[in-house]
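# let's see this in three dimensions:
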Amino acid sequence: MATPDDAVTEWLTLAALPGLGCTLTHRLLAAFGSPQAVLTAGEAASHVEGVGPRLAAVFTNHTLLAQARSLSLIHI
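Numbers count the residues shown, from 1 in each chain. Predicted coordinates:
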């Protein structure tokens with residue numbers, strides 16, 4: 001079961017991803033429902049309007065996702 005800290009970590013991880021502004025974050029959340037779902041969307045993120053190949057690659061780059069998560073843990 002997810003804890004409140006897990007939810008905060010997911011939001012902060014999403015915010016730490018390069019190339020992801022407010023509009024695309026909103027579209028991704030609308031498409032997938034939660035920060036956790038966005039972070040695990042993988043290639044499916046490329047089907048969201050405005051997500052080009054470079055940004056879609058972020059969601060399949062496990063190293064980059066881990067780095068963003070590490071940054072988010074600093075803030076908790």
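
# quick one: residues contacting residue 55.
19-20, 24, 45 (Cβ atoms under 8 Å, 6 or more residues apart in numbering). The C-beta positions use only the backbone N, C-alpha and C, and glycine is treated the same way.

# quick one, which of those residues are buried?
Using 16 or more other Cβ atoms under 10 Å as the burial test, those include 20, 24, 45 as buried.

# let's see which of those end up in helices.
Residues from those lying in helices, with DSSP state H as the criterion: residue 24.

# tell me the one of the buried ones among the contacts of residue 55 nearest residue 66?
Distances from residue 66 to these, taken as Cβ to Cβ, are shortest for residue 20 (16.0 Å).

# so how far is stretch 20-31 from its chain's centroid?
The chain centre lies 9 Å from the centre of stretch 20-31; the measure is Cα atoms, centre = their mean, to the nearest Å.

# quick one: buried residues of it?
By 16+ other Cβ under 10 Å, the buried positions in stretch 20-31 come out as 20, 24-25, 27-28, 31.

# so what touches that stretch?
14-15, 35, 38, 41, 45, 47-51, 55, 58.

# okay, helices next: where are they in this structure?
The residue ranges that make up the helices of the chain, judged by DSSP H, are 4-16, 22-32, 35-39, 53-58, 62-74.

# which other helices and strands contact the last one?
If contacts are counted by 3 or more Cβ pairs under 8 Å, 6 or more residues apart in numbering; DSSP states H and E, helix 62-74 sits against helix 4-16.
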